[in-house]
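A.B. asks: Build me a model:
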Amino acid sequence: QLQLVESGGGLVQPGGSLRLSCAASGHTLDNYAIGWFRQVPGKEREGVSCLTRHDITYYPDLAKGRFTVSRDKVKHTVDLQMNNLKPEDTGVYYCASREPTGVSYVCWEPDEYDYWGQGTQVTVSS
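C.D. replies: Alright, predicted model coming up:
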């Protein structure tokens with residue numbers, strides 16, 4: 001089982017940047033698909049980026065041009081670079097992973113993932 005840990009959250013002004021990292025305790029993420037999600041109270045968890053096992057990336061419209069997900073094979077992490085942050089980006093950000101099945105999946109659907117981190121708070125405010 002993977003134990004995922006997110007880091008890098010914090011308070012940033014609108015227009016600023018943050019870089020989140022997802023690591024696995026005792027494991028490497030080099031061969032795992034990773035999804036990044038966020039959640040605010042009262043709203044459903046929504047996907048903000050996906051990285052497949054083969055390093056193909058997907059972004060919803062809310063993230064295109066601002067967020068970049070990448071795999072760091074030196075640190076064995078999957079990072080989410082977030083630029084031009086807006087107040088509506090505020091929320092708890094989670095990384096998630098799944099066991100490879102060889103079957104196609106919807107990468108921004110939370111139910112597709114088996115493992116979740118505890119989340120890291122991102123607050124965008126002046």
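
A.B. asks: Just to be sure, Leu29 is in a helix?
C.D. replies: No: Leu29 sits outside any helix when classified using DSSP: H, G, I helix; E, B strand; the rest coil, being coil.

A.B. asks: okay, now the residue nearest to it when sequence neighbours are not counted: neighbour count?
C.D. replies: Setting aside the residues directly before and after it, Leu29 is nearest to Val78 in space (CB to CB, 6 or more residues apart in numbering), at 5.4 Å. The way it works is simple: take the backbone N, C-alpha and C, and place the C-beta from them, glycine included. Taking other CB atoms under 10 Å as the neighbour definition, Val78 ends up with a count of 27.

A.B. asks: What pairs with the host helix or strand of Val78, parallel or antiparallel?
C.D. replies: Per DSSP states H and E, Val78 falls inside strand 77-82. Partner strands and pairing direction for strand 77-82 (DSSP bridges) are strand 18-24 (antiparallel), strand 67-72 (antiparallel).

A.B. asks: and the closest residue to His27 other than its chain neighbours, what does it touch?
C.D. replies: Leaving out its chain neighbours, the residue that sits closest to His27 by CB to CB, 6+ apart is Leu2, at 5.8 Å. Under the criterion of CB atoms under 8 Å, 6 or more residues apart in numbering, the contact list for Leu2 reads 24, 27, 32, 97, 114-115.

A.B. asks: Tyr115 now?
C.D. replies: Here Tyr115 is in contact with 1-4, 96-98 (criterion: CB under 8 Å, 6+ apart).

A.B. asks: For the residues you listed, I'd like a selection string for ChimeraX - just the buried members, please.
C.D. replies: Typed into ChimeraX, the line below selects the buried ones among the contacts of Tyr115, using 16 or more other CB atoms under 10 Å:
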select :2,4,96,97,98
